[in-house]
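In: return a 3D structure for these sequence lines:
(one chain, ligands or ions: 1)
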Amino acid sequence: MNRTVYLNGSWLPEADAKISIFDRGFLFADAIYEVTAVVGGKLVDYAGHAARLQRSLKELAITCPLSPEALLDVHREIVARNEVTEGLIYLQVSRGAADRDFAYPAHATPTLVLLTQTKAVLDNPRAKTGISVATIPDLRWGRRDIKTVQLLFPSMAKMEAMRQGADDAWLVEDGFITEGSSATAHIVTKDGVLVTRGLSNAILHGITRASIIDIARSAGIAVEERAFTPDEALAAAEAFITSATSFVMPVVRIDGKTIGTGVPGPISKQLRELYVESRLAAAI
Ligand code: PMP
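Out: Numbers count the residues shown, from 1 in each chain. Here you go, the predicted model:
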């Protein structure tokens, strides 16, 4: 790969982009990130990602190095420079470099990095077959609403799920599903109700989740924002995950047991189609 990446105001070949070993993103995972899908060279659901970025920064008292307008320009320019038609933009802001200390430094300059990855997000073959998940105890920290780069436990959970023969993990806390390792978890009951956990510090406030709730309601699908158990998920008609790069991805097995008919269900398929149709039409 010879991508051009963005680092603190400079456009660099990826091999030349270097940051300090004192960067607090490296030493403390004191950094937040966003992932925005790119389709047809345009940004999908960008407004939501830009808003959540500001929220994560505010929660950690990190100042955004760029104005909202400049940030959008950088997103557009990185797509153009790398000729990305389909894939994603990864953005990370850390507090910056300072002597190692648990207290936030008084005057650090935030480190801003953007890079692209090419990926078939639209024609993902897994959308046709669905994926399997394994339930794993949720041992993450208590501020999952902040999109930090502290992703080691989700990574461990995914490895454990894969060791068990599943594609991904659904995390469980106090008897309820919180979310996937890197996606929001949803079920559709036998009565056709979309159930998704309500917003709190227990989960990341998914941008795709918010879009899917809107889209479902507009399509006349009832939505309940409440926690559900693994047993409820096993008894559901359908299950799926949402995320910026998987859109709506059907889940057809939980802990080796089939959900519904074992193939992607009609509501999951309908929501994926409606998401793609409406969000691509609105992409910027
Ligand atoms: N939950 C977690 C833990 C995630 O990592 C992600 C994706 N980064 C999501 C949910 C989905 O969020 P979004 O739809 O904004 O990508």
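In: please count neighbours and contacts with C-alpha atoms only from this point.
Out: Noted.
In: just the C-alphas of the longest helix seen in the chain, formatted as CSV.
Out: Counting residues, the longest helix found in the chain (DSSP state H) is helix 266-281. Presented in CSV, the C-alpha positions along helix 266-281 are these (Å, rounded to 0.1, in the frame of the first residue of the first chain):
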residue,chain,number,x,y,z
PRO,A,266,-37.0,-10.1,5.7
ILE,A,267,-36.8,-7.2,8.1
SER,A,268,-33.0,-7.3,8.3
LYS,A,269,-32.9,-7.4,4.5
GLN,A,270,-35.4,-4.6,4.2
LEU,A,271,-33.6,-2.4,6.7
ARG,A,272,-30.2,-2.9,4.9
GLU,A,273,-31.8,-2.0,1.5
LEU,A,274,-33.5,1.1,3.0
TYR,A,275,-30.3,2.1,4.8
VAL,A,276,-28.2,1.8,1.6
GLU,A,277,-30.8,3.6,-0.5
SER,A,278,-31.5,6.5,1.8
ARG,A,279,-27.9,7.0,3.2
LEU,A,280,-26.3,6.8,-0.2
ALA,A,281,-28.7,9.3,-1.6
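In: same for that helix, what does it pack against?
Out: helix 207-218, strand 238-243, strand 247-254 (3 or more CA pairs under 8 Å, 6 or more residues apart in numbering; DSSP states H and E).
In: let's see that with 7 Å instead.
Out: For helix 266-281, the packing partners by 3 or more CA pairs under 7 Å, 6 or more residues apart in numbering; DSSP states H and E come out as strand 247-254.
In: can you give the strand pairings for the strand it packs on, parallel or anti for each?
Out: Using DSSP bridges, the strands paired with strand 247-254 in its sheet are strand 131-137 (parallel), strand 238-243 (antiparallel), strand 257-258 (antiparallel).
In: of those strands, which stretch is the most buried?
Out: strand 238-243 (a mean of 26; mean count of other CA atoms under 10 Å).
In: ok so, going back, would you turn the strands paired with strand 247-254 into a markdown table with distance to F22?
Out: Below are these laid out as a markdown table (distance: least, CA to CA, whole Å):
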| stretch | distance to F22 |
| --- | --- |
| strand 131-137 | 33 |
| strand 238-243 | 32 |
| strand 257-258 | 47 |
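In: and of the ones you listed, who's closest to the ligand?
Out: Comparison of the strands paired with strand 247-254 against the ligand by CA to the nearest ligand atom identifies strand 238-243 as nearest, at 3.4 Å.
In: and that closest one, average pLDDT?
Out: The pLDDT scores in strand 238-243 average 98.
In: stretch 67-79 too?
Out: The model assigns stretch 67-79 a mean pLDDT of 98.
In: kindly report the same for stretch 215-228.
Out: pLDDT averaged over stretch 215-228 gives 98.
In: that stretch near the ligand at all?
Out: No: interface with the ligand: stretch 215-228 contributes nothing (CA under 6 Å from any ligand atom), its closest point being 13.8 Å away.
In: please begin residue numbering at 222 from this point
Out: In the new numbering, first residue 222, that becomes stretch 436-449.
In: buried residues in that stretch?
Out: I436, A437, I442, V444, A448, F449 (16 or more other CA atoms under 10 Å).
In: how many neighbouring residues does the closest residue to the fifth one other than its chain neighbours have?
Out: The shortest distance from A448 to any residue other than its chain neighbours is 4.4 Å, reached at R418 (CA to CA, 6 or more residues apart in numbering). The burial count assigned to R418 is 21, neighbours taken as other CA atoms under 10 Å.
In: tell me what the residue nearest the centre of the chain is bridged to.
Out: Nearest to the mean C-alpha position of the chain, by CA atoms, centre = their mean, lies S464 at 4.6 Å. Judged by DSSP bridges, the bridge partners of S464 are F468.
In: you'd agree it is up against T429?
Out: Yes: using CA atoms under 7 Å, S464 is in contact with T429, at 5.5 Å.
In: what residues are shared contacts of those two?
Out: Listed as contacting both S464 and T429 by CA atoms under 7 Å, 6 or more residues apart in numbering is no residue at all.
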